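>>> My questions are about this predicted structure, shown below with the sequence.
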Amino acid sequence: MYGITPQEELPPPTPEIPDLSITIQENEETYGRFVAEPLERGWGVTLGNPIRRSLLNALSGTAITWVRIDGIHHEYSTVKHMREEVVEFLLNVKGIRLRSLADRPGRLRLEVDGEGEVRAGDIMATADFEIVNPEHHLATLDNSGARLSVEFNVEQGVGYEPANHEEGLPIGVLPVDAIFTPVRKANFAVEATRVGQRSDLERLVVEVWTDRTITPLYAMQAAGNLLMERFFLFKRLDKPQDDEEVPGVPGVLPEVFNTLVETLSLSARTLNCLKRAGINRVGEVLMMPKGELLKIRNFGQKSLDELYDKLAEKNYLPEENPEGEGDAETDGEVSEVTGEVEKAGDDAENAGDDSSEA
């Protein structure tokens with residue numbers, strides 16, 4: 001018949017690709033292997049790279065930031081009857097892995113007397129923190145009269161924060177490099193896969209190694225949640241800009257108010273200070289007077305300037321409000337004066353300690 005294509009000349013039907021699925025192949029205490037398939041060509045790298053970067057750089061954790069050893073004033077000293085030097089002891093302290101049971105900083109203590117090996121499990125337990133590697137070696141005492149007394153400062157943060165020796169810490173406080181990230185290693189691989197007659201599809205394999213403070217499955221879920229929060233902003237690009245303003249913050253749109261502080265590209269120190277204070281969104285920053293921000297621990301004028309420079313750079317600051325700005329500036333000036341007075345007092349105390357030691 002005219003106008004009808006013979007059956008043998010019709011093109012073969014295109015096989016339908018199944019929906020993307022993720023399989024948990026392994027989920028142990030420190031190692032996990034996850035497989036996502038099938039993916040169109042190119043999507044393996046597109047998904048694998050941001051997942052890996054989020055796993056390594058964006059997850060929060062708990063770490064020791066400084067220690068105080070009784071009778072020791074600097075890291076180049078030695079502890080009587082302890083085989084390790086203080087520098088080596090500090091390096092061992094970096095390997096202590098902590099799981100935070102409360103969202104706040106705290107202190108831990110180590111009190112050991114007598115001969116023997118000192119391990120992380122010898123640190124006194126608290127209700128806020130759990131040591132997940134109690135077998136970790138810290139030091140060796142080689143005399144029955146040996147004594148080691150150490151105080152540890154524990155904080156929460158993101159990524160890696162090197163020890164800062166320029167904070168004006170009191171004599172005897174030894175800063176330690178803080179390894180906050182709970183992920184030790186993350187890797188992804190893209191493999192070819194086949195569905196029916198289609199052999200141009202991909203399989204994404206993600207491997208995660210953690211430090212036992214979180215499971216690999218939880219790490220993957222947290223990384224995926226962080227990516228979703230950021231990509232959600234791209235989904236709302238077509239939303240009108242004349243939305244209702246957020247109550248209590250005149251001139252701030254909901255998108256700006258709910259923007260995460262991680263997107264401001266702040267330094268690790270400034271970001272960790274905000275996270276420890278429970279400040280996660282731009283709107284929370286804008287609702288706080290500058291004087292209150294300066295009261296956050298380790299958050300000084302330099303961090304405040306950096307924060308507001310980033311907000312201005314992204315046009316997140318609300319329209320000028322003379323009354324609000326005046327109050328904020330006044331609070332900031334009062335806090336600065338108070339900080340200068342406290343710093344002067346600390347300097348005087350340090351000078352007195354130095355003269356007494358001399």
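Yep, that arrived.
>>> Give me the phi and psi for residue 170.
phi -60, psi 160 (degrees, to the nearest 10).
>>> which one is the residue positioned nearest the centre of the chain nearest to, not counting chain neighbours?
Centroid check for the chain by C-alpha atoms, centre = their mean gives residue 158 as the closest residue, at 1.1 Å. Counting by C-beta to C-beta, 6 or more residues apart in numbering, residue 60 is the residue found nearest to residue 158 once chain neighbours are left out, at 5.0 Å. Yep, even glycine has a C-beta here, placed from its N, CA and C like the rest.
>>> again, but for residue 233
residue 255 (6.8 Å).
>>> Look at the one you found and report its pLDDT.
Turning to residue 255, the model gives it a pLDDT of 76.
>>> That one and residue 27: what is the separation?
Taking C-beta to C-beta, to the nearest Å as the measure, residue 255 falls 36 Å from residue 27.
>>> Apart from its chain neighbours, what residue comes closest to residue 139?
residue 118 (4.4 Å).
>>> Look up how far residue 140 lies from that neighbour.
From residue 118 to residue 140 the distance is 7 Å (C-beta to C-beta).
>>> Neighbour count: those two, which is higher?
residue 118 (21 against 14; other C-beta atoms under 10 Å).
>>> so that one, which of the three states?
strand (DSSP: H, G, I helix; E, B strand; the rest coil).
>>> same question, residue 35
Per three-state DSSP, residue 35 ends up strand.
>>> Could you chop the protein up by domain?
18-59+183-235, 61-179, 254-335 (automatic domain parsing).
>>> now the first one, how far from the centre of its chain.
Once both centres are worked out by C-alpha atoms, centre = their mean, to the nearest Å, domain 18-59+183-235 turns out to sit 20 Å from its chain's centre.
>>> What mean pLDDT does that domain get?
92.
>>> Just the terminal-to-terminal distance for stretch 155-172.
Stretch 155-172 has an end-to-end distance of 19 Å (C-alpha to C-alpha, to the nearest Å).
>>> And stretch 99-109, by the same measure?
16 Å.
>>> For it, which outside residues touch it?
For stretch 99-109, the external contacting residues (C-beta atoms under 8 Å, 6 or more residues apart in numbering) are 61-62, 64, 123-124, 126-132, 149-156, 213-214, 276, 278, 297.
>>> mind listing what's buried in it?
For stretch 99-109, the neighbour count (16 or more other C-beta atoms under 10 Å) marks 100, 105, 106, 108 as buried.
>>> cool, stretch 73-89 as well?
75, 79, 81, 82, 84, 86, 89.
>>> Show residues contacting that stretch.
Under C-beta under 8 Å, 6+ apart, the answer for stretch 73-89 is 69, 71-72, 90, 92, 138-143, 145-148, 171-172, 174.
>>> are any of these buried, and which?
The neighbour-count test (16+ other C-beta under 10 Å) marks 69, 72, 90, 92, 138, 139, 141, 146, 147, 148, 174 as buried among the contacts of stretch 73-89.
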